[in-house]
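# let me see the structure of the following:
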Amino acid sequence: MRRTIYQALGLSIAMAAAGCASQPHSLELANQAAGATNIKSIEFSGSGRWYQFGQAPNPDLPWPPFELKNYTAGIDYDSASARVQITRSQIIEPGRNRPAPVEQKVDQYISGSTAWNVPTTGNAVPTAQPAAAEERAAEIWATPQGFLKAALAHQAKSEAVGDGTEVSFSLGDKYRYVGKLNKLNQLTGVKTWIDNPVLGDTLVETQYSDYRDFGGVQFPGHIVRNQGGFPVLDLRVASVKANPALNISIPQEAAKAPEVNVISTKLADGVFYLTGGTHHSVAIELKDHIVLVEAPLNEERSRALIAKLNTVVPNKPIKYLVNTHAHFDHSGGLRTFVDAGATIVTHQPNDSYYAKIWANPHSLKADLLEKSHKPARFESFSGKHVLSDGQRSIEIHSIAGNSHNDAFVLVYLPAEKILVEVDAYTPLAANAPAPASVNPYSVNLYQNIRKLGLDVERIAALHGPRVVTLADLRAAIGLTSANN
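Predicted coordinates for the structure are as follows:
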């Protein structure tokens with residue numbers, strides 16, 4: 001049975017009606033102007049720019065831009081569900097040598113608190129995306145009609161601010177929304193906050209302008225969304241449809257979030273390859289402690305890594321956590337290891353960046369570090385850094401000149417001749433066809449290996465299905481002669 005919006009938001013229709021009667025005149029007029037009461041669902045589409053959140057090539061730079069050929073969002077307010085279809089290709093920033101842009105198609109969904117994606121090529125089996133649920137829900141209730149519906153249903157507070165009206169309300173006990181109405185009773189902006197494992201309580205701010213009549217629907221012609229201080233969407237709206245038929249049901253594959261699984265494979269004595277998901281780690285045992293390379297994704301993954309290491313290498317603490325770079329999918333679990341007492345080894349200036357952003361509150365989802373308030377310890381470096389117990393040495397080297405990230409490292413075990421890296425080279429499955437073009441990140445990695453004089457036999461990449469050899473990297477970049 002389909003729920004009404006008020007049930008979806010945890011309120012009764014009667015309470016919503018009572019709240020509506022108590023709202024200031026401007027909110028009622030804004031609701032009338034937007035036609036929010038009569039709009040049960042909406043679809044809008046356009047083009048512009050999309051930006052990859054959490055993937056800045058430098059902590060001081062914005063999220064990298066993509067050309068947005070198409071963006072189509074279909075939202076069913078009654079069932080709190082949405083589908084967003086995106087066609088995009090990366091824009092190569094001046095001075096960066098990135099892989100040749102390819103067109104990417106994305107098909108994203110949410111219904112209630114369940115989020116999932118459907119692949120647009122190959123076997124289109126839905127994949128659960130639990131980490132995206134907050135953000136996608138926020139996008140529903142930040143739309144003009146969605147905001148006004150939720151404001152009326154939640155007895156929003158309104159007050160005059162400057163030349164307009166500020167409207168604020170909360171969804172449940174965690175999520176706060178603040179909107180601005182102009183003199184024409186148009187919603188010009190919405191602020192809300194969602195959790196992020198790296199940034200904590202993260203501001204998502206959406207700005208609306210250029211309101212026009214789209215087939216009888218008043219809707220903004222220009223939408224700009226910022227997240228974490230930089231744009232994530234700049235959309236020029238081309239079309240809007242009121243009350244399209246949308247039937248978004250939760251597929252079986254998305255109904256249950258995937259389990260966090262850590263699989264340990266021994267690469268050498270005291271060297272363990274920790275896989276079981278999309279992002280891997282490597283643990284290295286020393287005399288009286290463990291060095292772990294990479295804490296990806298989030299606290300759930302980090303806690304699972306700690307639990308696995310307690311069985312693989314019992315009775316030894318994780319003294320050092322080596323962080324390859326600051327992209328959020330590779331730094332989302334760092335705070336858990338700070339709480340566990342580990343020192344974070346990272347390239348400058350990541351240490352100062354982490355110290356700054358980790359001071360942000362994590363009140364929406366209090367992690368272990370938010371509760372313990374333990375101070376972070378860093379060993380930052382540039383060039384080369386060595387960790388050793390007198391018997392085993394672990395070399396950490398800057399990856400110089402790689403456009404993927406400006407503060408980027410690899411890890412090398414000289415005795416075992418094992419290289420640990422991520423994002424510079426991602427091995428393909430055995431017998432997979434070669435890509436159409438050579439990845440410049442991988443070329444740069446090989447150049448760094450040669451320049452540093454590293455005698456690499458095996459590569460434990462932190463993405464990809466398998467451990468490979470240096471010969472595999474050479475083949476991936478089109479080299480056939482060992483002298484190259």
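# R335 belongs to a helix, doesn't it?
Yes - assessed by DSSP: H, G, I helix; E, B strand; the rest coil, R335 belongs to a helix.
# is it true that it touches A359?
No - R335 is not in contact with A359 according to Cβ atoms under 8 Å; the separation is 11.5 Å. In short, each C-beta sits where N, CA and C put it, glycine included.
# which one's more surrounded, the two?
R335 (27 against 9; other Cβ atoms under 10 Å).
# and the more buried one, how far from F328?
12 Å (Cβ to Cβ, to the nearest Å).
# what touches both of those two?
Listed as contacting both R335 and F328 by Cβ atoms under 8 Å, 6 or more residues apart in numbering are P197.
# quick one: the helices in this structure, in order.
Listed in chain order, the helices of the chain (DSSP state H) span 5-8, 13-21, 25-34, 133-142, 144-153, 252-255, 299-312, 328-331, 334-339, 350-357, 368-372, 440-452, 470-476.
# from the chain's centroid, how far away is the fifth one?
It refers to helix 144-153. Here helix 144-153 is found 27 Å from its chain centre; the criterion is Cα atoms, centre = their mean, to the nearest Å.
# same thing with the longest one?
Shown here is helix 299-312, whose average C-alpha point lies 21 Å from the average C-alpha point of the whole chain (Cα atoms, centre = their mean).
# for it, list every residue counted as buried.
Applying a neighbour-count criterion of 16 or more other Cβ atoms under 10 Å, one finds E299, E300, R301, S302, R303, A304, L305, I306, K308, L309, V312 buried in helix 299-312.
# what of stretch 263-279?
Applying 16+ other Cβ under 10 Å to stretch 263-279 flags S264, L267, G270, V271, F272, Y273, L274, T275, G276, G277, H279 as buried.
# same question, stretch 457-473
Neighbour counts over stretch 457-473 (16+ other Cβ under 10 Å) mark R458, I459, A460, A461, L462, H463, G464, V467, V468, L470, D472, L473 as buried.
# which one of these is nearest N185?
H463 (49.4 Å; Cβ to Cβ).
# that closest one and S393, how far apart?
Distance of H463 to S393, given as Cβ to Cβ: 25 Å.
# redo the buried residues of helix 299-312 as JSON lines? Include pLDDT.
Shown next, in JSON lines, are the buried residues of helix 299-312 (pLDDT from 0 to 100):
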{"residue": "E299", "pLDDT": "98"}
{"residue": "E300", "pLDDT": "98"}
{"residue": "R301", "pLDDT": "98"}
{"residue": "S302", "pLDDT": "98"}
{"residue": "R303", "pLDDT": "98"}
{"residue": "A304", "pLDDT": "98"}
{"residue": "L305", "pLDDT": "98"}
{"residue": "I306", "pLDDT": "98"}
{"residue": "K308", "pLDDT": "98"}
{"residue": "L309", "pLDDT": "98"}
{"residue": "V312", "pLDDT": "98"}
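# dump the buried residues of stretch 263-279 into a markdown table; add pLDDT as well.
Compiled in a markdown table, the buried residues of stretch 263-279 are given as follows (pLDDT from 0 to 100):
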| residue | pLDDT |
| --- | --- |
| S264 | 98 |
| L267 | 98 |
| G270 | 98 |
| V271 | 98 |
| F272 | 99 |
| Y273 | 98 |
| L274 | 98 |
| T275 | 98 |
| G276 | 97 |
| G277 | 96 |
| H279 | 98 |
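# so which of the residues you listed belong to strands?
S264, L267, V271, F272, Y273, L274, T275 (DSSP state E).
# these: which two are farthest apart?
It's V271 and T275 that sit farthest apart of those, by Cβ to Cβ, at 13.5 Å.
# returning to what we had before: winner for burial among the helices of the chain?
Among the helices of the chain, ranked by average contacts under mean count of other Cβ atoms under 10 Å, first place goes to helix 144-153 (a mean of 27).
# go through stretch 197-214 and flag the buried ones.
197-202, 204-208, 211, 214.
# and stretch 48-63, by the same measure?
In stretch 48-63, counting by 16+ other Cβ under 10 Å, buried: 48-57, 59, 62-63.
# isn't H463 up against V422?
Yes - H463 lies in contact with V422 (Cβ under 8 Å); the separation is 5.8 Å.
# what touches both of the two?
Joint contacts of H463 and V422 (Cβ under 8 Å, 6+ apart) are H279, H280.
# ok, S26 - contacts?
S26 sits in contact with S158, T165, L181, N185, where contact means Cβ under 8 Å, 6+ apart.
# and the gap between it and K183?
Distance of S26 to K183, computed by Cβ to Cβ: 9 Å.
# cool, D195 as well?
In terms of Cβ to Cβ, D195 sits 35 Å off from K183.
# equivalent analysis for G95, please.
G95 is 44 Å from K183, by Cβ to Cβ.
# of the two, who's got more company?
Per other Cβ under 10 Å, whichever of G95 and K183 has more neighbours is K183, with 9 against 6.
# who are the neighbours in contact with the more buried one?
D163, G164.
# just the pLDDT for the nearest residue to E103 once chain neighbours are set aside.
Distances taken as Cβ to Cβ, 6 or more residues apart in numbering place S89 nearest to E103, at 5.0 Å, with adjacent residues excluded. We have a pLDDT of 98 for S89.
# who does S89 bridge with?
Judged by DSSP bridges, the bridge partners of S89 are E67.
# neighbours around it, how many?
So S89, with other Cβ under 10 Å, has 15 neighbours.
# tell me how far it lies from R98.
In this view, S89 and R98 are 11 Å apart by Cβ to Cβ.
# ok, now how distant is the nearest residue to I248 once chain neighbours are set aside from G172?
Of all residues not flanking I248 in the chain, S81 sits nearest, at 4.1 Å (Cβ to Cβ, 6+ apart). Noted for S81: a distance of 18 Å to G172, by Cβ to Cβ.
# same question for E166.
21 Å.
# who has more neighbours out of the two?
A direct count of neighbours by other Cβ under 10 Å for E166 and G172 places E166 higher, at 17 against 9.
# quickly list what the more buried one is bridged to.
Here E166, judged by DSSP bridges, has bridge partners E159, K180.
# what's the answer for V217, then?
Where V217 sits in a bridge, its partners, by DSSP bridges, are F214.
# same check, this time on W193
Residues in beta-bridge contact with W193 (DSSP bridges): L203.
# quick check, S239 in contact with F44.
Yes - with contact defined as Cβ under 8 Å, S239 reaches F44; the gap is 6.9 Å.
# need the overlap of contacts for these two.
Residues within reach of S239 and of F44 at once, by Cβ under 8 Å, 6+ apart, are F214.
# more neighbours: those two, which one.
Relative neighbour count places F44 above the other of S239 and F44, with 22 against 13, counting by other Cβ under 10 Å.
# give me the nearest residue to the more buried one, chain neighbours excluded.
Using Cβ to Cβ, 6+ apart, the nearest residue to F44 is V240, at 4.6 Å.
# could you pull up the residues touching that neighbour?
V240 sits in contact with I42, E43, F44, F214, G215, V217, F219, where contact means Cβ under 8 Å, 6+ apart.
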